[in-house]
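[1] Next comes the sequence, and after it the predicted model I'd like to discuss.
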Amino acid sequence: MMETLYSGFEVCKRIKTDPDLKETPIIGISGMSDELGVGYERDRDQEYFSPDAFFDKPVDKEKLLVKIKELLGR
């Protein structure tokens, strides 16, 4: 878990708004649905959290690797 509930959101926002980093793909991975009972929904949550992909914990390693390769264009 990150230091605070919103740390990952803030990191994502800073990367997406930095001209030098805005093209960097971001994969969000969270255990919030287990902890809080609320999962990520792109349509609802993209205003404050907009990763290029998202996985709930526990993450299927093979699916994560496929998504990484996809986002890096390999």
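    It's in.
[2] contacting residues for residue 72?
    residue 25 (Cβ atoms under 8 Å, 6 or more residues apart in numbering). (Glycine included, C-beta is placed from N, CA and C.)
[3] Let me fix that, I meant to ask about residue 22.
    Taking Cβ under 8 Å, 6+ apart as the criterion, residue 22 is in contact with 15, 16.
[4] Which pLDDT value belongs to it?
    What the model reports for residue 22 is a pLDDT of 92.
[5] From residue 52, how far off is it?
    Distance of residue 22 to residue 52, computed by Cβ to Cβ, to the nearest Å: 11 Å.
[6] And residue 74, by the same measure?
    To residue 52, residue 74 is 15 Å away according to Cβ to Cβ.
[7] For these two, work out which one has more neighbours and name it.
    More neighbours surround residue 52 than the other of residue 74 and residue 52, with 14 against 6 (other Cβ atoms under 10 Å).
[8] Report the spatially nearest residue to that one, omitting neighbours in sequence.
    Closest residue to residue 52 apart from its sequence neighbours, by Cβ to Cβ, 6 or more residues apart in numbering: residue 25 at 4.7 Å.
[9] Next: residue 21.
    Closest residue to residue 21 apart from its sequence neighbours, by Cβ to Cβ, 6+ apart: residue 15 at 4.8 Å.
[10] what's the one helix or strand the one you found maps to in contact with?
    Assigned by DSSP states H and E, residue 15 belongs to helix 7-17. For helix 7-17, contacts defined as Cβ under 8 Å, 6+ apart pick out 2, 21, 22, 24, 26, 28, 30, 48, 49, 50, 51.
[11] Quick one: residues contacting the fourth one.
    Read it as residue 24. residue 15.
[12] helix, strand or coil for it?
    Reducing the assignment at residue 24 to three states with DSSP: H, G, I helix; E, B strand; the rest coil gives coil.
[13] quick one: it from residue 53, how far?
    Going from residue 24 to residue 53 by Cβ to Cβ gives 13 Å.
[14] Confirm for me that residue 51 is in contact with residue 67.
    No: contact criterion Cβ atoms under 8 Å: residue 51 and residue 67 do not qualify, at 10.6 Å.
[15] higher neighbour count, these two?
    Set side by side, residue 51 and residue 67 show more neighbours around residue 51, with 22 against 18, by other Cβ under 10 Å.
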